[in-house]
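Asker: Turn this into a structure:
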Amino acid sequence: MDALILSRIQFAANISFHILFPTITIALCWFLLFFRLRFLKTRDPAWEEAYYFWTKVFALTFALGVVSGIVMSFQFGTNWPGFMEKTGDISGPLLGYEVLTAFFLEASFLGIMLFGRGRVSERVHLMATMLVAAGTTLSAFWILSLNSWMQTPAGFEIVDGKFIPVDWLSVVFNPSFPYRFTHKLLASTLTASFLIAGLCAWQLIKGSATGGTHKALRTAIVAASVAMPLQFLVGDMHGLNTLEHQPAKIAALEGIWQTEKSAPLTLFGWPDEAAGTTHYAVKIPKMASLILAHDMDAELKGLNEFPGAHPPVAPIFWAFRVMVGVGSLMLLVAWVAAWLLWRQRRAGSGAQVVLPRPMLYTLAGMTFSGWLATLSGWYVTEIGRQPFIVYGHLRTAEVATSLPSPLIAATLTAYLIVYGLLLVTYVGVLKYMAEHPVKHPPESTPATLGKAGA
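Answerer: Numbering: from 1, shown residues only. All right, here's what the predicted structure looks like:
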């Protein structure tokens, strides 16, 4: 493989590993804020147990996200020097804003959130948690702004081969940004919800549950059951936006080879790019036009309209179906679990969550289902942008490194080994933490509460 393909694989490996952790922490810190607020309102120690257990999970996840993010940022210079040379006037400031606003905010208050117990007032501790949560969301805002600009570039002009910003509002709030940012926040909510639900279910199976386990499990199931239908709605809006701005991506992920009206929806099949067809296709007449354009008679452009300028078909064809399939399963499981909780609540069985054993195993098995859906969607987005790195204006091949292929292959191998070990270790540590929860002593005693009231 040449340097271009190896560089793409290396960056894909790095970003695939990195994105796993922010996808959890963006929403998990808002869960922590909710747990904290509930404890301060009710003084129920179970909410405090939930807060401190999941704070440890957040800290571990945040650390891996930061480390892998730093490594990834270096690759702009090592693997894609032409990208920073040509788009640095736009990508540089956006990445800088992420550091100046989001990262500094997280770094400044994370220590108070993690170690401020008993050392600062409850108000300061709550504020630290809220600011860290805001920082994680701000980080997603700036990163998604840059990535969305690469998908639907706006607010710039090209001078001497370089992208120069002329309207920063158009750069930041480019056409796809609102949909992709909302889609990502909901993806994070679902990923964190199923992580919480899965680990809590595992605690119930292993008999290591605490009072906080029941509180966290109920919260996660409710959050997932609400967020999942919203995600499908936003995904539909995102699809309409993509059809308008990146029709080649839509044609590839749906396997539409020739422009046609009333296009059928291909549920499954085997895309053959060389032959320009999808073998063994299972199709529903007119449904592609209805779903993608909300009009059964709408004309959809085929790949024949984009010679030499459309993405590879098979990877995003299958990735899209994995994303939708996993998302549909998540919706089913979340709604069934929520219905079981509702029945339990109506029966007046108390604060303890009592779910059938098969449901507990199902939730435990889907602990990392959000990762699978997120990665599949990310591959659709990023591979679907090819052969461009800035859609329609700058090809990926134009900005790749000139480093020798063996050198890139060696570093790629090293990355894969290290990331594989880290991922196995991370999952193992989460399993150990779930099976051996540390019970915290009550944070507030009647005496300290009296002093606080005084």
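Asker: remind me which residues of this protein are low pLDDT?
Answerer: Counting by pLDDT under 70, the ranges of the chain that qualify are 346-351, 439-454.
Asker: Need the single longest helix in it, by residues.
Answerer: When the chain is parsed with DSSP state H, its longest helix is helix 3-42.
Asker: residues near Met1, how many?
Answerer: 12 (other CB atoms under 10 Å). C-betas here are computed from N, CA, C, even on glycine.
Asker: My guess is it contacts Leu412. True?
Answerer: No: contact criterion CB atoms under 8 Å: Met1 and Leu412 do not qualify, at 9.9 Å.
Asker: Mind listing the shared neighbours of the two?
Answerer: Residues touching both Met1 and Leu412 by CB atoms under 8 Å, 6 or more residues apart in numbering: Ile9.
Asker: Pro271 - that's part of a strand, no?
Answerer: Yes: secondary structure of Pro271 (DSSP: H, G, I helix; E, B strand; the rest coil): part of a strand.
Asker: May I have the phi/psi pair for Arg43?
Answerer: Taking degrees, to the nearest 10, you get phi 60, psi 20 for the backbone angles of Arg43.
Asker: Against Ser73, how distant is it?
Answerer: According to CB to CB, to the nearest Å, Arg43 stands 44 Å off from Ser73.
Asker: same question, Asn241
Answerer: 28 Å.
Asker: do the same with Met296
Answerer: Met296 sits 46 Å away from Ser73, taking CB to CB as the criterion.
Asker: got the residue ranges for the strands in this protein?
Answerer: Under the criterion DSSP state E, strands of the chain are mapped to 156-159, 162-165, 260-261, 265-272, 277-284, 299-300, 388-390, 394-395.
Asker: I'd like to know which of the ones you listed is closest to Ser176.
Answerer: strand 388-390 (12.9 Å; CB to CB).
Asker: Show residues contacting the closest one.
Answerer: Contacts of strand 388-390 (CB under 8 Å, 6+ apart): 80, 83, 87, 149-150, 153, 163, 309, 394-396, 398-399.
Asker: packing partners for the longest helix of the chain?
Answerer: Secondary-structure packing of helix 3-42 (3 or more CB pairs under 8 Å, 6 or more residues apart in numbering; DSSP states H and E): helix 45-78, helix 122-151, helix 177-206, helix 211-245, helix 369-383, helix 405-435.
Asker: by how many degrees do the third one and helix 211-245 diverge?
Answerer: Compare the direction of helix 177-206 with that of helix 211-245 by axes from the mean of the first three to the mean of the last three CA atoms, to 10 degrees and you get 150 degrees.
Asker: Mind listing what's buried along helix 177-206?
Answerer: Buried residues in helix 177-206, defined by neighbour count with 16 or more other CB atoms under 10 Å: 177-205.
Asker: Could you tell me how far it lies from the centre of the chain?
Answerer: Distance of helix 177-206 from the chain centroid (CA atoms, centre = their mean, to the nearest Å) equals 9 Å.
Asker: Next: the fifth one.
Answerer: Taking the mean C-alpha point of helix 369-383 and that of its whole chain, the gap between them comes to 8 Å (CA atoms, centre = their mean).
Asker: same thing with the last one?
Answerer: The chain centroid and the centroid of helix 405-435 are separated by 19 Å under CA atoms, centre = their mean.
Asker: what comes up buried for that helix?
Answerer: Buried, per 16+ other CB under 10 Å, within helix 405-435: Ile408, Leu412, Tyr415, Tyr419, Tyr426, Leu430, Met433, Ala434.
Asker: For the fourth one, list the residues it contacts.
Answerer: For Tyr419, the contacting residues are Ala13, Asn14, Phe17, Ser68, taking CB under 8 Å, 6+ apart as the criterion.
Asker: Out of the buried residues of helix 405-435, flag the one nearest to Gly111.
Answerer: Out of the buried residues of helix 405-435, the member with the shortest distance to Gly111 (by CB to CB) is Met433, at 20.6 Å.
Asker: mind checking how far that closest one is from Leu195?
Answerer: For Met433 relative to Leu195 (CB to CB), the value is 12 Å.
Asker: Between those two, which contacts overlap?
Answerer: Val57.
Asker: Kindly write the PyMOL command that selects the buried subset of the contacts of Tyr419.
Answerer: Command for PyMOL that selects the buried part of the contacts of Tyr419, burial taken from 16+ other CB under 10 Å:
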select buried, resi 14+17+68
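Asker: Between the contacts of Tyr419, which sits nearest Val99?
Answerer: Val99 lies nearest to Ser68 out of these, by CB to CB, at 15.7 Å.
Asker: residue contacts, Lys249?
Answerer: Thr242, Pro311, Ile316, Val380, Gly384, Arg385.
Asker: rerun at 7 Å
Answerer: Going by CB atoms under 7 Å, 6 or more residues apart in numbering, Lys249 touches Thr242, Pro311, Gly384.
Asker: Then Pro312?
Answerer: Counted by CB under 7 Å, 6+ apart, Pro312 has contacts Glu273, Ile383, Gln386.
Asker: nearest to Val226, of those?
Answerer: Looking across those and measuring by CB to CB, the closest to Val226 is Ile383, at 30.5 Å.
Asker: my read: the closest one touches Ile316, true?
Answerer: Yes: if you go by CB atoms under 7 Å, Ile383 and Ile316 touch, sitting 5.1 Å apart.
Asker: more crowded one of these two?
Answerer: Ile316 (27 against 20).
Asker: between Asn241 and Ser73, which one's more packed in?
Answerer: Using other CB under 10 Å, the more surrounded residue of Asn241 and Ser73 is Asn241, with 18 against 13.
Asker: Without its sequence neighbours, what residue ends up closest to the more buried one?
Answerer: Tyr179 (5.1 Å; CB to CB, 6 or more residues apart in numbering).
Asker: How about the contacts made by that neighbour?
Answerer: Counting by CB under 7 Å, 6+ apart, Tyr179 touches Val234, Met237, His238, Asn241.
Asker: Roughly how far does Thr425 sit from Leu60?
Answerer: For Thr425, the distance to Leu60 - CB to CB - is 10 Å.
Asker: Next: Glu48.
Answerer: 20 Å.
Asker: Neighbour count: the two, which is higher?
Answerer: Counting neighbours by other CB under 10 Å for Glu48 and for Leu60 shows that Glu48 has the greater number, 25 against 18.
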